[in-house]
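>>> Provided below for reference: sequence and predicted model.
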Amino acid sequence: MARVSVDIQDNIARVTLTRPEKRNALDLSMIEAIVEAGQGLMGRDDVRAVVLLGEGQAFCAGLDVASFAQIAAGDPEALVMPRTHEDGNLFQEVAMIWRKVPVPVIAALHGVCYGGGFQLALGADIRVASQDLKLAIMEMKWGLIPDMGGMVLLPHLARSDVIRQMTYTAAPIDATQAGQWGIVTEIAEDAQARALELAAEIAGKSPSAIRAAKRLIGYAESGASAKDVLLAESREQTDLIGKPHQMEVIAANMARRPPKFK
């Protein structure tokens, strides 16, 4: 059965987890489908923003419990250790693929967002939370550690003591606490509607400038030296000035109309 749907309208790709009867819990089929969805958006010039959604009552409840038995019964070393996706494995690519997608990714979070679902959400550029959201690094409940990219992504958002408390206790936090700790970007009455509103706003900006901004932010967060980041700023800016998208933005601003990009 399909685990993920991708619908592209008005330059926005809606990527929806479609296993609502299991609160969108991650089994191997869904993990593969999430990665394939991200890979399928990599070369799409018509996509200017992505929204990650969960069908039903939750964004994602984490790894399907039945998957634990499947992993334990096999050879964890052979499943987890090979670097099959650049620096990571298949499970880590669930989150990391969204940092590789060249346009902004917004996660609309509602219900529960636990374990692997939490790490998937960390892969987004922006996280919009509903007021009913519960977040948890749930792996310790099962005698495990977070291993789906979270330890690359979360330190850019939260303090070390916050990460340690959430990891050691596996205790859920609510949307308000997640906002105070910097884990979610904003809280909305309707997270999906707000995420789509943000995506539409981004999709109306210069496509080349938005992609350049995502590249530059990612590079700045990679640990590059100040010298190299300053050079990257200049390179990206040089590649934008006077080009068709930038000239259209200027013309649209002067005419007080929305820009139209080819």
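Thanks, I have the structure now.

>>> neighbours around Phe261, how many?
17 (other C-beta atoms under 10 Å). C-beta coordinates here come from the backbone N, C-alpha and C atoms, glycine included.

>>> check contacts around it.
By C-beta atoms under 8 Å, 6 or more residues apart in numbering, the contact set of Phe261 is Ser206, Pro207, His245, Glu248.

>>> at 6 Å what do you get?
Residues near Phe261 by C-beta atoms under 6 Å, 6 or more residues apart in numbering: Pro207, His245.

>>> I'd guess it is in a strand, am I close?
No. Secondary structure assignment (DSSP: H, G, I helix; E, B strand; the rest coil) places Phe261 in coil, not in a strand.

>>> look up how far Ile8 lies from it.
Using C-beta to C-beta, to the nearest Å, one gets 16 Å for the distance from Phe261 to Ile8.

>>> ditto for Lys22
Separation of Lys22 from Ile8 (C-beta to C-beta) stands at 26 Å.

>>> same deal with Ser130?
Counting by C-beta to C-beta - Ser130 and Ile8 are separated by 24 Å.

>>> Arg23 now?
Distance of Arg23 to Ile8, given as C-beta to C-beta: 26 Å.

>>> of those two, who's got more company?
Between Arg23 and Ile8, counted using other C-beta under 10 Å, the more crowded position is Arg23 (21 against 14).

>>> my guess is the more buried one contacts Ala58, does it?
Yes. Using C-beta atoms under 6 Å, Arg23 is in contact with Ala58, at 4.0 Å.

>>> strands of this protein, residue ranges please.
Counting by DSSP state E, the chain has strands at residues 4-9, 12-17, 49-54, 105-109, 112-114, 126-130, 134-136, 173-174, 186-188.

>>> contact partners for the nearest residue to Met148 once chain neighbours are set aside?
Spatial nearest neighbour of Met148, excluding adjacent residues (C-beta to C-beta, 6 or more residues apart in numbering): Gln119 at 4.1 Å. Contacts for Gln119 (C-beta under 6 Å, 6+ apart) come out as Ala95, Met148, Gly149, Gly150.

>>> who wins on neighbours among the residues you listed?
Met148 (29 neighbours).

>>> that one touches Phe91, doesn't it?
Yes. Contact criterion C-beta under 6 Å: Met148 and Phe91 qualify, at 5.0 Å.

>>> so where's the protein shaky on pLDDT?
1 (pLDDT under 70).

>>> sounds good, over and out.
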